[in-house]
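Asker: mind folding the following:
(one chain, ligands or ions: 2)
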Amino acid sequence: METDIQSNKLELLGKLAATLSHEIRNPLSVLKLNLHFLKIYSENVDKESYDIILACEVALERITKLMENILEFSRRPLDELEVTSINEIIEQAIVILNPVATKNSILFDKQLGENIMPLSVNRNKILQVILNLLTNAIEASNNGGNIIVKTARSEKNGSAIIRLVVEDFGIGIKESDKENVFKEFYTSKKTGTGIGLSVCKKLLEEHKAEIYFESQYGKGTRFFVDFPELNNR
Ligand SMILES: Nc1ncnc2c1ncn2[C@@H]1O[C@H](COP(=O)(O)OP(=O)(O)OP(=O)(O)O)[C@@H](O)[C@H]1O
Ligand SMILES: [Mg+2]
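Answerer: Ligands and ions are numbered 1, 2, ... in the order given. Below is the predicted model:
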């Protein structure tokens, strides 16, 4: 059941992304071409109109970048491991979620360690984990604010680990709810499905990584993911 949900969600996302980017590509290039012509033929146009054309071009460029990013995500195989930098996957997740964050007046505060060893992981799955954690952090911070995303090398039980921390200053988790958050279908949200964290847990188990959290109701929440640095598979 759990595995079904997890692979369904990933497959569905992949298919959706592929279809969407395919469908969006054509109208995008029409827009781009037309803007290009507008620019060429707008020698006599007033400055204000010219600036509007430029602003449209910048916005279009952003959409194109976002599409490329999503398409790349959908092309990656579901089961393959790649030696990858966690920081890179975080950057990708932030590109995907930045529009939602900005809309909610939320800023991502990236504190990515420089000496983070590349790990052997499935990029899609770890991207999914990071997207789920960041989405929860956004949903918890309903009045704006910062979300800290941190990576650092550390040590645990005598072994080197890479620790990822996602910290928000939002609603927090009540003591009585703490035991439920990783349970499948547990949600405190009106439109939540309650599978985000159970999927994270499952995907991270596959990577021999641990997920846990600290939270103070009304103050905020910190989610931790510890990846073994060596022999992580
Ligand atoms: N950063 C957070 N701050 C406060 N509560 C959180 C946070 N992350 C998770 N929770 C709590 O844990 C519950 C379960 O989270 P989970 O991601 O599994 O499901 P969801 O976000 O409710 O729905 P879905 O992710 O399926 O859309 C949430 O409903 C919320 O109560
Ligand atoms: Mg969630």
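Asker: can we go C-alpha only for contacts and neighbour counts from here?
Answerer: Fine.
Asker: what does the lengthiest strand in the chain rub up against?
Answerer: Ranked by residue count, the top strand of the chain under DSSP state E comes out as strand 145-156. The contact list for strand 145-156 (CA atoms under 8 Å, 6 or more residues apart in numbering) reads 87, 105-113, 115-116, 137-138, 160-169.
Asker: helices - which of these land there?
Answerer: Asn87, Ala137, Ile138 (DSSP state H).
Asker: mind giving me the packing neighbours of the helix or strand of the chain with the lowest mean pLDDT?
Answerer: Lowest on mean pLDDT, DSSP states H and E among the helices and strands of the chain sits helix 2-40, with a mean of 76. Judged by 3 or more CA pairs under 8 Å, 6 or more residues apart in numbering; DSSP states H and E, helix 2-40 is in contact with helix 47-75, helix 123-140, helix 196-206.
Asker: any idea how far Glu43 is from Phe37?
Answerer: Shown here: Glu43 relative to Phe37, a distance of 11 Å by CA to CA, to the nearest Å.
Asker: whoops, I mixed them up, Thr187
Answerer: From Thr187 to Phe37 the distance is 50 Å (CA to CA).
Asker: okay, the two: which has more neighbours?
Answerer: Set side by side, Thr187 and Phe37 show more neighbours around Thr187, with 18 against 11, by other CA atoms under 10 Å.
Asker: so who does that one touch?
Answerer: When contacts are counted by CA under 8 Å, 6+ apart, Thr187 is found next to Val181, Thr193, Gly194.
Asker: 6 Å instead, please
Answerer: Contact partners of Thr187, counting by CA atoms under 6 Å, 6 or more residues apart in numbering, are Gly194.
Asker: please renumber the chain so that the first residue is 523 from this point on.
Answerer: Let's use 523 as the start, then, which means that last one is Thr709.
Asker: mind checking the SS state of it?
Answerer: At Thr709 the chain is in coil, as set by DSSP: H, G, I helix; E, B strand; the rest coil.
Asker: before we move on, what about the one 5 residues further on?
Answerer: For Gly714, the secondary-structure state derived from three-state DSSP is coil.
Asker: next, give phi and psi for it.
Answerer: Dihedral angles of Gly714 (phi, psi; degrees, to the nearest 10) stand at phi -80, psi 160.
Asker: if I look at it, how far off is Ser676?
Answerer: Gly714 sits 34 Å away from Ser676, going by CA to CA.
Asker: circling back to that earlier point, please narrow the contacts of strand 667-678 to those residing in strands.
Answerer: 628-634, 682-690.
Asker: quick one: name the residues of the protein near ligand 1.
Answerer: Counting by CA under 6 Å from any ligand atom, the chain comes close to ligand 1 at 658-659, 662, 693-695, 703, 708-711, 714-720, 743.
Asker: out of those residues, which touch ligand 2?
Answerer: On the criterion CA under 5 Å from the ion, Asn658, Gly718 are the entries of those that sit beside ligand 2.
Asker: buried subset of the residues of the chain next to ligand 1?
Answerer: 658-659, 662, 693-695, 703, 708-709, 716-720, 743 (16 or more other CA atoms under 10 Å).
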